[in-house]
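[1] make a model of this:
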Amino acid sequence: MKEVEGTLPNTFTTRTALGLGVHSRDLYAWRDDGSILELSRGVFRRADAPEPSYPDLLAVAHRSPGAVVCCVSAAAVHDLTDELPVTVQIAVPTRSRTPRIDYPPTTAFRFDEDTFEVGLSRIEAAPGESVRIYSPTRTVVDLMRLRGRLGEPLAYSALQRYLRSRSAKPGVLLDFADKLGVYGPVRRALDVASAG
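    Residues are numbered from 1 along each chain as shown. Sure, this is the predicted structure:
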């Protein structure tokens, strides 16, 4: 690995390695001897790289660069739930191809293209490496939108935690709810929360 160690990034895909002149047999030899770790099919991390905070999110972001971490996965990152997601949940635009990722287990949601970037932010999944994720505000609205599928207790609990945080922005929450077609339920939930 000496000949390319200066050029390979900490996390990389097979395509990146091949583009830098690495032969596939060398790539798999490095994996087998522990010089690199395979995070997902075709996604590798140098063994000498700093430990990632969110290795599964990093792997999925390399497999599907246009996707955005959402729903329960985003809620867990933003400390809006204690629930541990059983799959990495990502959003993809409605007209894009849904990625098939077996490991780490991944669930893709199709989100409207017109509002896909509302509340888009980034988190550092490993030192110097970020992934796309919805903001806490957008995450709460998405959980409210998908409460029939993901569960009302999760949605209302995330809303309560959000409102207790210093960074809560109820006005922005209502604006996002309006853009995403769930203004009424979010308004009612805010009214109940403020009355309690």
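[2] tell me how far the residue nearest in space to the middle of the chain lies from residue 99.
    Taking CA atoms, centre = their mean, the centroid of the chain lies closest to residue 69, which sits 2.1 Å from it. Distance, residue 69 to residue 99, using CB to CB, to the nearest Å: 13 Å. Using the backbone N, CA and C atoms, a C-beta is placed for each residue, glycine as well.
[3] now do the shared contacts for those two.
    Common neighbours of residue 69 and residue 99 (criterion: CB atoms under 8 Å, 6 or more residues apart in numbering): residue 90.
[4] thinking again about what came up before, list the contacts for the residue nearest to the centre of the chain?
    57, 60, 61, 77, 88, 89, 90, 123, 131, 132, 133, 134.
[5] surely residue 20 touches residue 7?
    Yes: in this structure, residue 20 is within contact of residue 7 by CB atoms under 8 Å, at 5.3 Å.
[6] and the helices in the protein?
    14-19, 24-33, 55-63, 71-77, 136-145, 147-150, 152-164, 170-179, 183-195 (DSSP state H).
[7] so where's the chain uncertain?
    When residues are selected by pLDDT under 70, those of the chain lie in 1-6, 195-196.
[8] how does it divide up, domain by domain?
    According to automatic domain parsing, the chain comprises the domains 11-46, 55-191.
[9] comparing those, which comes out most buried?
    Among those, the stretch with the highest mean neighbour count (mean count of other CB atoms under 10 Å) is domain 55-191, at a mean of 18.
[10] so how far is that domain from its chain's centroid?
    8 Å (CA atoms, centre = their mean, to the nearest Å).
[11] how about stretch 30-42?
    22 Å.
[12] try stretch 29-37
    Relative to the chain's own centre, stretch 29-37 is displaced by 27 Å; criterion: CA atoms, centre = their mean.
[13] can I get that stretch as PDB, trimmed to CA atoms?
    The C-alpha trace of stretch 29-37 is given here as PDB (Å, rounded to 0.1, in the frame of the first residue of the first chain):
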ATOM      1  CA  ALA A  29      -5.000  -8.100  -1.000                       C
ATOM      2  CA  TRP A  30      -4.900  -4.900   1.200                       C
ATOM      3  CA  ARG A  31      -8.400  -5.800   2.500                       C
ATOM      4  CA  ASP A  32      -7.300  -9.400   3.300                       C
ATOM      5  CA  ASP A  33      -4.100  -8.300   5.100                       C
ATOM      6  CA  GLY A  34      -6.000  -5.600   7.200                       C
ATOM      7  CA  SER A  35      -4.500  -2.500   5.600                       C
ATOM      8  CA  ILE A  36      -8.000  -1.400   4.600                       C
ATOM      9  CA  LEU A  37     -11.400  -2.200   6.000                       C
END
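[14] thanks a lot, see you next time.
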